[in-house]
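Enquirer: using only what follows, build the 3D model:
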Amino acid sequence: MSLYHNAIFVSKKEDMPKQEHWAILKFTTIHIPGDERSRTHPGHGYPAGNEPVVKYEAYLEREDWEAAIQELEKERIGSPQYVAVKVSKPATTTVRVDVIEEA
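Expert: Next up is the predicted model:
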């Protein structure tokens, strides 16, 4: 059985749950190959490298979150590459602009 049908995969602001939820942050990297110029003419183009990636999975039910963690632990080799958290309520922010006339 796949637990992923109960997960919300957050990839943009609109995907973020606005209510209390449980989340798993998964830490990985992606490899970006260098371009041909960097291989044939060192110092030009851009070299190969690894970029860090964080994936955010949100769960509205604690039981689904716990089951997902259990699945991650079954597959784990070495130290965990994830963090499990409870999010009480995401904060909202506002911007305030004050215009002051100088004498």
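
Enquirer: so for the helix or strand bottoming out on mean pLDDT in the chain, what gets flagged as buried?
Expert: Counting by mean pLDDT, DSSP states H and E, the chain has its least confident helix or strand at helix 36-40, which shows a mean of 76. Within helix 36-40, no residue counts as buried by 16 or more other Cβ atoms under 10 Å. For the C-beta atoms, the positions are set from N, CA and C on the backbone; glycine is no exception.

Enquirer: distance from the chain centre to stretch 87-94, please.
Expert: Stretch 87-94 sits 17 Å away from the centroid of its parent chain (Cα atoms, centre = their mean, to the nearest Å).

Enquirer: and that stretch, end to end?
Expert: In stretch 87-94, first residue to last residue: 20 Å (Cα to Cα, to the nearest Å).

Enquirer: and the contacts of that stretch?
Expert: 16-23, 58 (Cβ atoms under 8 Å, 6 or more residues apart in numbering).

Enquirer: which residues does the lengthiest helix in the chain contact?
Expert: When the chain is parsed with DSSP state H, its longest helix is helix 62-75. With Cβ under 8 Å, 6+ apart as the test, helix 62-75 has contacts from 3, 6-7, 22-24, 57, 59, 80, 82, 84.

Enquirer: could you point out which element follows it?
Expert: strand 82-87 (DSSP states H and E).

Enquirer: tilt between that following strand and helix 62-75?
Expert: 170 degrees (axes from the mean of the first three to the mean of the last three Cα atoms, to 10 degrees).

Enquirer: could you pull up the mean pLDDT of strand 82-87?
Expert: Mean per-residue pLDDT for strand 82-87: 96.

Enquirer: what pairs with that strand, parallel or antiparallel?
Expert: Strand 82-87 sits in its sheet next to strand 21-32 (antiparallel), going by DSSP bridges.

Enquirer: list the contacts of the strand it pairs with.
Expert: Against strand 21-32 from outside (Cβ under 8 Å, 6+ apart): 8, 48-62, 64-65, 68-69, 72, 81-87.
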